[in-house]
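Engineer: Prediction below, plus the sequence it came from.
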Amino acid sequence: MLRPRVITCLFFMAMFLTPSNGQAFLIDEWADVMSESARKIETETGPPAKLWTERFSGMEFIWVEGGCFKMGSPPHAVGRDSDEEPVHKACVSSFWMGKYEVTQGQWRTIMRGNPSKFRNVDTHPVEKIGIVDAKALAERLSKQHEGHAKFRLPTEAEWEFVCRERGLRKVYPGSQQLETTSWFKENSLGSTQIVGTLAPNSLGFYDMGGNVWEWVSDSYDRFGYRKHKENNPVNMSQSDSFVIRGGSWREHSSAIRCANRGFNKFSRKRSDVGVRLVVLIEEQYVEEPVLEDINTIPF
């Protein structure tokens, strides 16, 4: 039989551990869509395991271990759009992803030009590029590493997987205090900013929210999530619009959400749309120490 003092202690412990109504809503919102593996991932943080630098442009890539997560936004999530449903399981294979958005200096090195509106310094993200231009960058880099590395745009699933830090219940990239991780309308001073000047997410990626929208490889389809397969989903429907992710310097903070889907016509070039690349690399090639003179690139 429990003593009165023990009963009193248990009573106060129960009160302390029971969330308020508001807190309970935040927990229950994802309760029916989160897998046990995703909950386990949520406790795993730390620096990236591997980093690779592309030798011609200096682009840095972080290794992302593949996995499964719940893609999209649950019902009643604040700011959600109808094209973010249904929440569904998506699994992605491992890949390397750009630590930063592609800069103007890197673009000029590879593409021999600078289409950007905000030509402040080479370390600002390149913008005013269409998806054809973004793919041309990837193809030119692939040619320089032919047989060893293949560059491309990330899929929507890969991009959201990284934004959510491998499947966490992340509403925003990195921190809930957006001004510490993202450039958006309220803090950007009306232009792009130097990449990597704010805090990264726990995987080491910078500017996953804001600065510039980022092209991904998926065609835009309002009902595209209903057509997703589970493994490495990508939507390649007949459309003249493609998905952009992450929000930008000219958007309000609501656009910074990891689940938010923007879209843009393939031929339209805006001063708030840029790119971040993904690359698949031969394992032996990652350790390659040889650096070639940039002037020898045969363009």
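Structural biologist: Yep, that arrived. Numbering: from 1, shown residues only.

Engineer: ok, the closest residue to Gln104 other than its chain neighbours - contacts?
Structural biologist: Nearest residue to Gln104, sequence neighbours excluded (C-beta to C-beta, 6 or more residues apart in numbering): Val126, at 4.8 Å. Glycine gets a C-beta too; all of them are placed from N, C-alpha and C. For Val126, the contact set (C-beta atoms under 8 Å, 6 or more residues apart in numbering) comprises Glu101, Val102, Thr103, Gln104, Gln106, Trp107, Asn114, Pro115, Ser116, Gly274, Val275.

Engineer: could you redo those as JSON lines and give each row secondary structure and distance to Gly58?
Structural biologist: What follows is the contacts of Val126, written out as JSON lines (DSSP: H, G, I helix; E, B strand; the rest coil; distance: C-beta to C-beta, whole Å):
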{"residue": "Glu101", "secondary structure": "coil", "distance to Gly58": "14"}
{"residue": "Val102", "secondary structure": "coil", "distance to Gly58": "11"}
{"residue": "Thr103", "secondary structure": "strand", "distance to Gly58": "9"}
{"residue": "Gln104", "secondary structure": "helix", "distance to Gly58": "13"}
{"residue": "Gln106", "secondary structure": "helix", "distance to Gly58": "6"}
{"residue": "Trp107", "secondary structure": "helix", "distance to Gly58": "12"}
{"residue": "Asn114", "secondary structure": "coil", "distance to Gly58": "16"}
{"residue": "Pro115", "secondary structure": "coil", "distance to Gly58": "19"}
{"residue": "Ser116", "secondary structure": "coil", "distance to Gly58": "18"}
{"residue": "Gly274", "secondary structure": "strand", "distance to Gly58": "17"}
{"residue": "Val275", "secondary structure": "coil", "distance to Gly58": "16"}
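
Engineer: Closest one of these to Val162?
Structural biologist: Val162 lies nearest to Glu101 out of those, by C-beta to C-beta, at 12.7 Å.

Engineer: which residues touch the closest one?
Structural biologist: Contacts of Glu101 by C-beta under 8 Å, 6+ apart are Pro125, Val126, Val195, Tyr206, Asp207, Asn211, Val212, Glu214, Gly274, Val275, Arg276.

Engineer: Tell me the most packed of the residues you listed, by neighbour count.
Structural biologist: Highest neighbour count within the contacts of Glu101: Val212, with 33 neighbours (other C-beta atoms under 10 Å).

Engineer: separation between that residue and Val234?
Structural biologist: 22 Å (C-beta to C-beta, to the nearest Å).

Engineer: How many neighbouring residues does Thr180 have?
Structural biologist: Using other C-beta under 10 Å, Thr180 is surrounded by 11 other residues.

Engineer: What strand or helix carries the spatially closest residue to it that is not a sequence neighbour?
Structural biologist: Nearest non-adjacent residue to Thr180, counting by C-beta to C-beta, 6+ apart: Ala199, 5.1 Å away. Under DSSP states H and E, no helix or strand contains Ala199.

Engineer: tell me, how many neighbours does Ala199 end up with?
Structural biologist: Neighbourhood size, Ala199 [other C-beta under 10 Å]: 14.

Engineer: Just give me the closest of the contacts of Val126 to Glu139.
Structural biologist: Closest to Glu139 out of the contacts of Val126 is Val275 (12.7 Å), distances taken as C-beta to C-beta.

Engineer: Not counting sequence-adjacent ones, nearest residue to that closest one?
Structural biologist: Val275 sits nearest to Ala134 (C-beta to C-beta, 6+ apart), 4.2 Å away.

Engineer: these two touch, right, the one you found and Phe151?
Structural biologist: No - Ala134 lies out of contact with Phe151 (C-beta atoms under 8 Å); the separation is 10.4 Å.

Engineer: before we move on, the earlier item: and the residue nearest to Gln104, how far from Ser175?
Structural biologist: Computed as C-beta to C-beta, the Val126 to Ser175 distance reads 26 Å.

Engineer: Repeat that for Thr53.
Structural biologist: Distance of Thr53 to Ser175, given as C-beta to C-beta: 27 Å.

Engineer: Going by how many neighbours each has, rank the two and give me the top one.
Structural biologist: Between Thr53 and Ser175, counting by other C-beta under 10 Å, Ser175 is the more crowded of the two (16 against 12).
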